[in-house]
Structures are given as C-alpha cells and as structure tokens.
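*Asks:* Can you look at this prediction? I've put the sequence above it.
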Amino acid sequence: MLTHSRLGNYGRLGNQLFQIASILSVGDACGQEVVFPEWKYAQFLDASIPVGTVENAQIYEERQFSHYDLPVAQGAWDLIGYFQSEKYFDVELVKKQFRFTDALTCNAMARLITPANDECCFQFDEVILSTIRNISNSTNTITCRRCHLSEEETSK
C-alpha cells in the first residue's frame, strides 16, 4: 500500500496535483493500493481521492527532482517528496482522476464568459485556478457541461 502522508505540506495546489497523479500512477503500475490523508480540494473533483492511512509504512524520500524508478513494488510505503515529472503518470488514469465537478466547471464558465442566466451556476468564495491557453489559430468553443452555455452564446 502506498501513501503520501504529508499531502498538503509539500507545496501548494499544483505540487499536490503532481503528488497525487504520480503516486496513483505508480501504485497502479505496481499493483499497489493507494490512500491519502483528507485533502481539502477533493470536493472539486468528480472522482474520489482514496482516503486512509498506512500503518508501519517505510518512508521513502525523493532523492532528486527528476524521474527515476521508485523501489515500492511490495510492502507499505509513505512516499515523501514533490514527484514533479509527468513520466510517473498514467495519462488516462490522471485524466479520469482530475476531471472537475460540474459545479466547479460551471462556476468557472460563469466567471470567464458571463453567462446570460447566472442563476444556473454555483457560486464559490474563491477561485482555485483559471487558465486559458490558445495554442492554435483555430476557433475553440468552451461549453459548460452543467448549464450548456457556450462562449459563443454568451458573447452575443
């Protein structure tokens, strides 16, 4: 069984996402169950983060800030570090795990594109992250999964 018992103490949200993605992926690759302590951002993800503790776990501290094989094929391990390499990731597992809730997506859409009917969107006190990247010259339409408002509809 694998864990990162210090989740939340090694960096902010971005670092924590790397830690969860890496440890879930390593656990899956090794056939190990993975659990984490309670995580304050779990409420914003569709998939639940497995919660628990690992008794008598061996502590393994990250040696360097790059990808390398972790010796955790068997036994109980508490992986401590940042694990900031996408080379640890099982991309499909990470995509499934980090899908945002409809409430968060709808709220972000409301803040970014000012929907005509703002009653359909949930409201939160603080924004966690907002990023828009335009990496091509193509026209992209952003659509909220919950209220089905699109950027094109709300900009009219």
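*Replies:* Sure, I can see it.
*Asks:* buried set for stretch 71-84?
*Replies:* Buried positions in stretch 71-84, judged by neighbour count with 16 or more other Cβ atoms under 10 Å: 72, 77-81, 83-84. Bear in mind the C-beta positions are built from the backbone N, C-alpha and C, glycine included.
*Asks:* got the CA coordinates for that stretch in CSV?
*Replies:* This file holds the C-alpha atoms of stretch 71-84, laid out as CSV (Å, rounded to 0.1, in the frame of the first residue of the first chain):
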residue,chain,number,x,y,z
PRO,A,71,11.5,0.8,-5.2
VAL,A,72,8.0,0.3,-4.0
ALA,A,73,6.8,-2.9,-5.7
GLN,A,74,5.9,-4.6,-2.4
GLY,A,75,5.0,-3.5,1.1
ALA,A,76,3.7,-0.4,2.8
TRP,A,77,5.4,2.9,1.7
ASP,A,78,5.0,6.5,2.6
LEU,A,79,6.4,8.4,-0.4
ILE,A,80,7.6,11.9,0.6
GLY,A,81,8.5,14.5,-2.0
TYR,A,82,7.3,16.5,-4.9
PHE,A,83,7.4,13.9,-7.7
GLN,A,84,7.1,16.5,-10.4
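*Asks:* what residue ranges in the protein are flagged as low confidence?
*Replies:* Within the chain, the segments meeting pLDDT under 70 span 111-156.
*Asks:* From what I see, Phe100 and Gln43 are in contact.
*Replies:* No - the criterion here is Cβ atoms under 8 Å, and Phe100 misses it with Gln43 at 10.6 Å.
*Asks:* before we move on, the earlier item: looking at the buried residues of stretch 71-84, which one is closest to Lys96?
*Replies:* The closest of the buried residues of stretch 71-84 to Lys96 turns out to be Phe83 (Cβ to Cβ; 18.7 Å).
*Asks:* Excluding covalently adjacent residues, which one is nearest to that closest one?
*Replies:* Distances taken as Cβ to Cβ, 6 or more residues apart in numbering place Ser22 nearest to Phe83, at 3.7 Å, with adjacent residues excluded.
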